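**Q** Okay, sequence plus prediction incoming.
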Amino acid sequence: MDAEALFTFNLRMGDSALVLSQRLGEWCGHGPALEEDLALANTALDLLGHARLWLSLAGEVEGRGRDEDQLAFLRDAGEFRNLLLVEQPNGDYAATMARQYYYDAWHHPLLQQLAGAAEPRVAAIAAKAAKEAAYHLHRSREWVIRLGDGTEESHRRMQAAADELWPFTGEMFAADDADRACADLAALRPGWQAEVAATFARATLTLPASAWMPQGGKQGVHTEKLGYILAEMQFLQRAYPGERW
Amino acid sequence: MVAPAPVPPAEIWRWLEEVPDPEVPVLSVVDLGIVRELRWQGGELVVTVTPTYSGCPATAVIARDIEGALRAHGITARTETRLAPPWTTDWLTAKGRDALRQFGIAPPGSPAGELVQIAPLVACPQCGARQTECVSAFGSTPCKALYRCLACREPFDYFKPH
């Protein structure tokens, strides 16, 4: 396989997991209930673990001596390859759960697909991560249903969050050569749409209408939000280069 | 130089059974099923370890503890991580399952294929009743879920199937 494509694909997988993990980490200590605080932190921790595996492999494939830490802490926003969806702010709980659900409903089947990848290192990471992502999807789906089919207020907020984040879902299935070398993203679309439609029906939510779908995250063109995330996440290594625990 | 006397593998496994999991100390690393292979490479013992959860902070501590424990028995060891096949709770030993129950943690059911089993039939480790409910699939560590017993009203941890 083309090393360049594999490097790019690994960055995309790792950066999306890393940025979403960092976003979920912002909730730590602020969750609406103790159980939710734990669940958010646990999900963030799983994703951080995935990011470490993907970025380590990216560094290995690149062969320029960069390790997971250098890739996570010493790249600027333009070098990040994460989905625009995951850098969107936490907002209220409905926004956090809509973002999570859209991602999980794509992430879990993608990992299942990658578990059968020809590249054994990709397959190993995916098979491991898929088991954790199954729990994530189970939880975010339940929250979308609970909030959508809840009170008038929770329904209103869940619908608003679903609509607001919908345009960012197009990028998940838009494949370029690097994606095509490693996965079949287009093949995930019908399953994702069926999953979301079934959940929204149970949640009494209306499926958002198709809209303009911004792209660019996977090429390094991000919304203005990513810079703020990195400023916080990378602060220590930027201020004290090479500092260790 | 005299080569060290070979240590029988059973002896090494016995030593490893004394290395506890840092977060669930009633389980040894052997009970947990994460030690996959022992092999000698020159004068060094390579211990292959399969991590439980990708983000589990105990992973690094476990590697250090294994190396330290073997060093205490005069063996130079290093750990090697192996991802595939991924760790499953099916690898927990029967002894480990009993230890969990006695410690107040319900042992895991079977991970049914790809389906998450937020298992409906988890017996309370305190009173044994099967009328329990899942409070949250995410608990105090990545490997546990929070449950509540509807009979004795006690909350408890469930080591979730994985």
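**A** Yes, it's here.
**Q** so what's B:Ser28 bridging to?
**A** B:Ser28 forms beta bridges with B:Pro20, as assigned by DSSP bridges.
**Q** List the residues that contact it.
**A** B:Leu16, B:Glu17, B:Glu18, B:Val19, B:Pro20, B:Asp21, B:Gly96 (CB atoms under 8 Å, 6 or more residues apart in numbering or on different chains). Where C-beta positions appear, they are placed from N, C-alpha and C, glycine not excepted.
**Q** Looking at the residues you listed, spot the one nearest chain A.
**A** Taking CB to the nearest CB as the measure, chain A lies nearest B:Asp21 of the contacts of B:Ser28, at 16.5 Å.
**Q** pretty sure that closest one contacts B:Val29?
**A** Yes: with contact defined as CB atoms under 8 Å, B:Asp21 counts as touching B:Val29 (6.3 Å).
**Q** between these two, what contacts are shared?
**A** B:Ile62.
**Q** mind giving me the domain split of chain B?
**A** B:9-87, B:104-159 (automatic domain parsing).
**Q** now the end-to-end length of the longest one.
**A** With CA to CA, to the nearest Å as the measure, domain B:9-87 spans 22 Å from end to end.
**Q** Spell out the residue ranges of the helices in chain B.
**A** In chain B, the helices defined using DSSP state H lie at B:9-16, B:58-72, B:94-103.
**Q** tell me the angle of the helix or strand harbouring A:Leu53 relative to helix B:58-72?
**A** Here A:Leu53, judged by DSSP states H and E, is contained in helix A:34-62. Orientation check (axes from the mean of the first three to the mean of the last three CA atoms, to 10 degrees): helix A:34-62 against helix B:58-72 gives 70 degrees.
**Q** After helix A:34-62, which helix or strand is next?
**A** Trace forward from helix A:34-62 with DSSP H and E and the next one is helix A:68-73.
**Q** Extract the residue ranges of the chain that are flagged as low pLDDT.
**A** Using chain A here. Applying pLDDT under 70 to chain A picks out no residues at all.
**Q** let's do chain B instead
**A** Using pLDDT under 70, chain B drops low at B:1-5, B:112-120.
**Q** now do 90
**A** Counting by pLDDT under 90, the ranges of chain B that qualify are B:1-7, B:23, B:42, B:55-60, B:109-123, B:130, B:134-137, B:139-143, B:160-162.
**Q** Contact residues of it facing chain A?
**A** B:51, B:53-57, B:83-88, B:111, B:114-116, B:118, B:135-140, B:142, B:146, B:160, B:162 (CB under 8 Å from any CB of the partner chain).
**Q** which among these end up buried?
**A** Neighbour-count burial (16 or more other CB atoms under 10 Å in any protein chain shown) is assigned, among these, to B:51, B:53-56, B:83, B:86-88, B:111, B:116, B:118, B:135-139, B:142, B:146, B:160, B:162.
**Q** ok, now which ones touch the residue nearest the centre of chain B?
**A** By CA atoms, centre = their mean, the mean C-alpha position of chain B lies nearest to B:Leu32, the distance being 2.2 Å. Taking CB under 8 Å, 6+ apart, we find B:Leu32 in contact with B:Asp21, B:Val24, B:Thr52, B:Trp91, B:Leu92, B:Gly96.
**Q** cool, B:Val30 as well?
**A** By CB under 8 Å, 6+ apart, the neighbours of B:Val30 are B:Trp13, B:Leu16, B:Glu17, B:Val19, B:Thr93.
**Q** got CSV for the residues you listed, with distance to A:His222 and neighbour count too?
**A** Shown next, in CSV, are the contacts of B:Val30 (distance: CB to CB, whole Å; neighbours: other CB atoms under 10 Å in any protein chain shown):
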residue, distance to A:His222, neighbour count
B:Trp13, 51, 12
B:Leu16, 47, 20
B:Glu17, 50, 16
B:Val19, 45, 19
B:Thr93, 48, 15
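**Q** before we move on, the earlier item: where strands are concerned, which of the buried ones among the residues of chain B next to chain A count?
**A** Within those, residues falling in strands by DSSP state E are B:Val135, B:Ser136, B:Leu146.
**Q** List the buried residues of stretch A:86-102.
**A** Result for stretch A:86-102 [16+ other CB under 10 Å]: buried residues A:86-88, A:91, A:93-102.
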